[in-house]
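>>> make a model of this:
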Amino acid sequence: MTGTTWQWGTAGHRMTAAGEGNPEMWREAGLVPCPGDREPGIVLGSFGDRTDELLAAPAFAAQPCIGQSSGDVRRLPVSVVWEVLLPMLLAAGRPGDVIVRINLAEEQLKYPRRAEQFARVADAVAGAAKALADGLGLVSEVRVNTRPPASAVSVDTSTLYGMFAPFQPEIDHPRGFQNEANILIAFTWYLARYRELPPGSCVVEGAHMVGAVRAALGTDARYLAALGLPAPSGRACLVQDAPAGERITMANVEDLPLDWWPEQVVRSVFGRGLRELALDFRDSLTS
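Below you'll find the predicted structure:
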């Protein structure tokens, strides 16, 4: 821990515990700390000192990832629930709406043989996200992106892997995947999706997406870098990056602990904890 970690508050301590960088890395990424009294330790920072401005946004937007499902809702990491909840946690008690986009075309490009399976997963996640927002009394707009983005984002392809994991060791490129060309194209589509969000909306996604947001929207982006969901085992990683034996998915949501900070944060806002809402989410997925 460096001498400046205190400036990043509770969120900074939680980030380092999850193996997601340190104050020097976050500042190099262009982030400025969120004032510690604004949110219950889930927002790390923003581009520029804009937290108060962004918390007054007309809408809070997120794009939960469905790629790790391999086309099966039971294999979705529980992080998808957290990614859907992040904009809801900020919209609660504020006039802002919730925007959720499920990027289907990207997964179908990467895995064309599973196109139909991914379509079912995307529709299920969209329905569950809408049901969750409705149940929490939030105004939401949920949509599945079934077509490629209208415009492209031009980036050096050698930077794309690291762009989605900026606080991890450098990732080799190329990686030698059989479908690598399509994977890299899909990554550029992910970036372009940020440009298609409703004007004025604030992106609320994990701080590990900071490089992607910056590449797509620049350092003027309306972005609150939030915390990803850590592995509940205590391993220093996000839940979706945990080894298979420790990963919490839709198949074993019941294993989410009740004595860790994500449970407490969600309960403090909604009066219901993460595990309870994740179980409801799973019920909606499979109904």
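>>> after the longest helix that the chain contains, next one along is what?
The helix spanning the most residues in the chain, taking DSSP state H as the definition, is helix 115-135. Under the assignment DSSP states H and E, the closest C-terminal helix or strand after helix 115-135 is strand 140-145.
>>> what packs against the very next helix or strand once past that following strand?
Downstream of strand 140-145, the next assigned helix or strand under DSSP H and E is helix 160-163. Helix 160-163 is packed against helix 180-194, helix 210-217, with contacts defined by 3 or more C-beta pairs under 8 Å, 6 or more residues apart in numbering; DSSP states H and E. Every residue, glycine included, has its C-beta placed from N, CA and C.
>>> check which residues of the first one are buried.
I take that to be helix 180-194. By neighbour count with 16 or more other C-beta atoms under 10 Å, helix 180-194 contains the buried residues 182-194.
>>> so which of the residues you listed comes closest to Ser46?
Of all the buried residues of helix 180-194, Ser46 sits closest to Tyr194, with 14.9 Å by C-beta to C-beta.
>>> any idea how far Ala62 is from the closest residue to Arg272 other than its chain neighbours?
In this structure, Arg272 finds its nearest non-sequential neighbour in Val266, 7.1 Å apart by C-beta to C-beta, 6 or more residues apart in numbering. Counting by C-beta to C-beta, to the nearest Å, the gap from Val266 to Ala62 is 15 Å.
>>> so between the two, which is more surrounded?
Ranked by neighbour count (other C-beta atoms under 10 Å), Val266 and Ala62 place Ala62 first, with 27 against 24.
>>> wait, that one sits on Val203?
Yes: using C-beta atoms under 8 Å, Ala62 makes contact with Val203 at a distance of 7.2 Å.
>>> can you list phi and psi of Val98 for me?
phi -110, psi 130 (degrees, to the nearest 10).
>>> need the pLDDT of the closest residue to it other than its chain neighbours.
Once flanking residues are discounted, Val98 sits nearest to Ser140: 4.1 Å by C-beta to C-beta, 6+ apart. Per-residue confidence (pLDDT) for Ser140: 98.
>>> what is the burial count for Ser140?
Burial of Ser140 is recorded as 21 neighbouring residues (other C-beta under 10 Å).
>>> same check on Asn252?
So Asn252, with other C-beta under 10 Å, has 11 neighbours.
>>> equivalent analysis for Ala119, please.
By other C-beta under 10 Å, 16 other residues sit near Ala119.
>>> measure the closest residue to it other than its chain neighbours to Arg120 for me?
Leaving out its chain neighbours, the residue that sits closest to Ala119 by C-beta to C-beta, 6+ apart is Leu104, at 6.2 Å. Between Leu104 and Arg120 the computed distance is 10 Å (C-beta to C-beta).
>>> for Gly162, same thing?
Taken as C-beta to C-beta, the span from Gly162 to Arg120 is 31 Å.
>>> tell me if Ala225 really is in a helix.
No: assessed with DSSP: H, G, I helix; E, B strand; the rest coil, Ala225 is strand; it does not lie in a helix.
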